[in-house]
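*Asks:* pasted the sequence and its predicted model underneath.
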Amino acid sequence: MSQSAPLVLRLLAASVPAAARAGKIIKDVMSGGELAIVQKGLGRNDLQTEADRSAQRCIIASLSQQFPDVTIIGEEGPSNPSDEVPSDWVVTESEQDILCKQCPSEYISTTAEDIVVWVDPLDGTSEYTQGLLDHVTVLIGIAVNGRAVGGVIHQPYHNYQTKKDVPGRTLWGLVGLGTGGFEVVDPPSDKFIITTTRSHSDGIVVKALEALKPDEILRVGGAGHKVLLLLEGRAHAYVFASKGCKKWDTCAPEAVLEALGGTLTDIHGNHYSYAKDVQYPDAQGIFATAKGVDHKSLVSKIPQELRDAFPN
């Protein structure tokens, strides 16, 4: 069954247990107490921990072993061939529920050359170091011919505050097929809720939010976590008028959201390309809406003076 399934379906099915194994590594590092934090960039919130590095090694080793011809781009940079990966980090099983599904016709002939996998091994690193563990996600996005079509979002600490030894949860989506791993809930009809950054705000971010006149703003960490709020019906839109996100932050969330019927674009309403030769920053900001929300109408409310700050 697994070898006869189309490549995209096999890759998505393999990404589910790989993300879950990476999530266990993240929790093991936290339990061990040695985060080994380093500063990656100039921003005070641009951090990397041992959990980021180890989780990425797990994911890339697992997927590369099964799909050696597929391009994989990870946030923490290229893997060092001399670094040995513990055998119990290499996941070879697949999510059988996905393999048993009917693959959408548009992906049946997709080849390895058409695919790029974007990996954020620990989205929400700053929150992870601050103990805001429910903000943390593992993201594996699958792009076909530049479009985000498949994604896995693993939440290692789902319900950790109310349940002991919680195993986490894994959500997945494939555009044209659907989603799995979570209960679909519509956002409230009596108020308009936006989620946005908790740590990267500036004047433009604030003005964009004000233009949309929300009743409530949820400021949380991690692109994956923000899209989770849309998937769970806890917010109508995710708006971030800034250049802070990267392709590995948004590929998986975009795919899962759009597989459900939502939309994720830049601030102009255009989809990003996730081809292997693109620039990593999402330089035109993020604008995402939940299923049933009029995306184009909301995008049109962003003043032209703010859009001009993000030239196409």
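*Replies:* Arrived safely. Numbering: from 1, shown residues only.

*Asks:* do you have the strands of the stretch 201-312 of the chain handy? List them.
*Replies:* Per DSSP state E, counting those that start in this stretch, the stretch 201-312 of the chain carries strands over the ranges 216-220, 237-240, 263-265, 286-289.

*Asks:* which among those is found nearest to residue 95?
*Replies:* Proximity to residue 95 (Cβ to Cβ) singles out strand 263-265 among the strands of the stretch 201-312 of the chain, at 23.2 Å. Yep, even glycine has a C-beta here, placed from its N, CA and C like the rest.

*Asks:* to residue 119, which of the strands of the stretch 201-312 of the chain lies closest?
*Replies:* Of all the strands of the stretch 201-312 of the chain, strand 263-265 sits nearest to residue 119, with 17.7 Å by Cβ to Cβ.

*Asks:* could the strands of the stretch 201-312 of the chain go into CSV alongside mean neighbour count and mean pLDDT?
*Replies:* Listed next are these as CSV, based on neighbours: other Cβ atoms under 10 Å; pLDDT from 0 to 100:
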stretch, mean neighbour count, mean pLDDT
strand 216-220, 15, 96
strand 237-240, 27, 96
strand 263-265, 23, 98
strand 286-289, 26, 98
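
*Asks:* save the ones you listed as TSV, and put in distance to residue 4 too.
*Replies:* Listed next are those as TSV, based on distance: least, Cβ to Cβ, whole Å:
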stretch	distance to residue 4
strand 216-220	41
strand 237-240	38
strand 263-265	32
strand 286-289	35
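
*Asks:* out of these, which gets nearest to residue 193?
*Replies:* strand 216-220 (4.6 Å).

*Asks:* counting contacts, what elements does the closest one pack onto?
*Replies:* Here strand 216-220 touches strand 193-197, helix 223-231, going by 3 or more Cβ pairs under 8 Å, 6 or more residues apart in numbering; DSSP states H and E.

*Asks:* could you identify which of these is most buried?
*Replies:* A comparison of the helices and strands packed on strand 216-220 by mean neighbour count, using mean count of other Cβ atoms under 10 Å, puts helix 223-231 on top with a mean of 27.

*Asks:* I'd like to know which of the helices and strands packed on strand 216-220 is closest to residue 129.
*Replies:* Each of the helices and strands packed on strand 216-220 has some distance to residue 129 by Cβ to Cβ; the shortest is helix 223-231, at 15.0 Å.

*Asks:* show me where the protein has helices.
*Replies:* For the chain, applying DSSP state H gives helices covering 7-32, 50-66, 96-99, 125-130, 203-212, 223-231, 247-260, 295-299, 304-307.

*Asks:* could you identify which of those has the lowest mean pLDDT?
*Replies:* Mean pLDDT is lowest for helix 125-130 out of the helices of the chain, coming in at a mean of 87.

*Asks:* and that one, C-alpha only, in PDB?
*Replies:* The C-alpha coordinates for helix 125-130 follow below in PDB (Å, rounded to 0.1, in the frame of the first residue of the first chain):
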ATOM      1  CA  THR A 125      11.600  29.200  20.300                       C
ATOM      2  CA  SER A 126      11.400  32.400  22.300                       C
ATOM      3  CA  GLU A 127       8.100  31.200  23.900                       C
ATOM      4  CA  TYR A 128       9.700  27.800  24.600                       C
ATOM      5  CA  THR A 129      12.600  29.400  26.500                       C
ATOM      6  CA  GLN A 130      10.000  31.500  28.500                       C
END
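
*Asks:* grab the nearest non-local neighbour of residue 132.
*Replies:* Nearest non-adjacent residue to residue 132, counting by Cβ to Cβ, 6 or more residues apart in numbering: residue 221, 6.1 Å away.

*Asks:* list the contacts of the one you found.
*Replies:* Applying Cβ atoms under 8 Å, 6 or more residues apart in numbering to residue 221 gives the contacts 124, 126-127, 132, 135, 197-199.

*Asks:* let's see 7 Å
*Replies:* Shown in contact with residue 221 (Cβ atoms under 7 Å, 6 or more residues apart in numbering): 124, 126-127, 132, 135, 198-199.

*Asks:* let me know the pLDDT of it.
*Replies:* So residue 221 comes in at 93 (pLDDT).

*Asks:* with residue 131 instead?
*Replies:* pLDDT, residue 131: 89.

*Asks:* give me the phi and psi for it.
*Replies:* Residue 131 has phi and psi values of phi 80, psi 10 when expressed as degrees, to the nearest 10.
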